[in-house]
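Student: My questions concern the predicted model and sequence given below.
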Amino acid sequence: MLALATRMGLGSQAVRTDEELIAEVLAGQTAAFAELASRYRDKVDRLCQRFFSDREMVRDLAQESFIRAFAGLSTYRAEMPFGGWLRAVVANVCYDELRRRQRKPEELVADFAAAEYNWVQLVSEATPEEIVGAAEQRQEAHDLAHRLLDALRPEDRTIMILKETEELSVSEIAQTMGWSEAKVKIRAFRARQVMRKHAERILAARRAQAVR
């Protein structure tokens, strides 16, 4: 029984909570942050991938997110799960990058490759919101989702990603980004309109090529 209790005690020490690790970091044991980063690495990478398709950029943004999280860890409050707090950090890092590299909407509907035939089916069968939500399951949905998201302003793109892939509510998005709920609602409505418009342009352009 003593041996069993000892093993159980060792096992409980091996898995520390997020809050315990955070307390260690704030107490000066900065190495504990490496365990936090390892614990959330996949989730951070996945959220960055929902904003950008370039792997190198995803890696850089994930790294920047952890750097910013480490620097701002003293502002974390236990009332919110650490995963939610970190998600807000990542979303804001990606939003800042979107603002830095904002492109003009008219530059975003480019020539079509043969593989984009699958996009026509997606545009015909699914709403833009459903395409964004399905981006992780189907490669053509992933490609089309990024094409449609590229047409949006940084604020609108961020809201659509958090709403359709992270499945956050309006209030949760507002809290994550530090925006009002009214702004989130208005931007979400405008984003859906823009995405539908560009989905129609993609379909019309593909049909026009098929006629030639």
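Tutor: Happy to help now that I have it. These numbers come from a predicted model, not from an experiment.
Student: going forward, measure contacts and count neighbours with C-alpha atoms only.
Tutor: Will do.
Student: what's near enough to touch the closest residue in space to residue 50 that isn't next to it in sequence?
Tutor: Distance criterion Cα to Cα, 6 or more residues apart in numbering; nearest residue to residue 50, sequence neighbours excluded, is residue 161 at 6.8 Å. Neighbour list for residue 161: 50, 51, 132 [criterion: Cα atoms under 8 Å, 6 or more residues apart in numbering].
Student: what about 10 Å?
Tutor: 47, 50, 51, 91, 129, 132, 133, 145, 149, 167, 168 (Cα atoms under 10 Å, 6 or more residues apart in numbering).
Student: Quickly note the distance from it to residue 52.
Tutor: Computed as Cα to Cα, to the nearest Å, the residue 161 to residue 52 distance reads 11 Å.
Student: returning to what we had before: flag every buried residue along the helix or strand that contains the residue nearest to residue 50.
Tutor: Under the criterion of DSSP states H and E, residue 161 resides in helix 154-164. When burial is assessed from 16 or more other Cα atoms under 10 Å, helix 154-164 yields the following buried residues: 154, 155, 156, 157, 158, 159, 160, 161, 162, 163, 164.
Student: Of these, just say which sits nearest to residue 191.
Tutor: residue 156 (5.4 Å; Cα to Cα).
Student: Pretty sure the closest one sits against residue 190.
Tutor: Yes: here residue 156 reaches residue 190: they are 7.5 Å apart, a contact under Cα atoms under 10 Å.
Student: got any residues that touch both of the two?
Tutor: residue 184.
Student: show me the contacts for the spatially most central residue of the chain.
Tutor: Centroid-nearest residue in the chain, with Cα atoms, centre = their mean: residue 47, separated by 3.1 Å. Going by Cα under 10 Å, 6+ apart, residue 47 touches 58, 62, 87, 90, 91, 94, 161, 162, 165, 166.
Student: Just the buried ones among those, please.
Tutor: When these are checked for burial by 16+ other Cα under 10 Å, the buried set is 58, 62, 87, 90, 91, 94, 161, 162, 165.
Student: And the pLDDT at the second one?
Tutor: If I follow you right, that is residue 62. Per-residue pLDDT puts residue 62 at 98.
Student: wait, doesn't it sit right on residue 51?
Tutor: No: the pair residue 62 and residue 51 does not pass the contact test of Cα under 10 Å, sitting 11.3 Å apart.
Student: Which residues are in contact with each of those two?
Tutor: residue 94.
Student: Any of the contacts of residue 161 buried? List them.
Tutor: Using 16+ other Cα under 10 Å, the buried ones in the contacts of residue 161 are 47, 50, 51, 91, 129, 132, 133, 145, 149, 168.
Student: The residue nearest to the centre of the chain: helix or strand, and which one exactly?
Tutor: Using DSSP H and E, the element containing residue 47 is helix 32-51.
Student: Compute the mean per-residue pLDDT across that helix, please.
Tutor: 96.
Student: Now the element after it, going C-ward?
Tutor: According to DSSP H and E, the helix or strand after helix 32-51 is helix 55-71.
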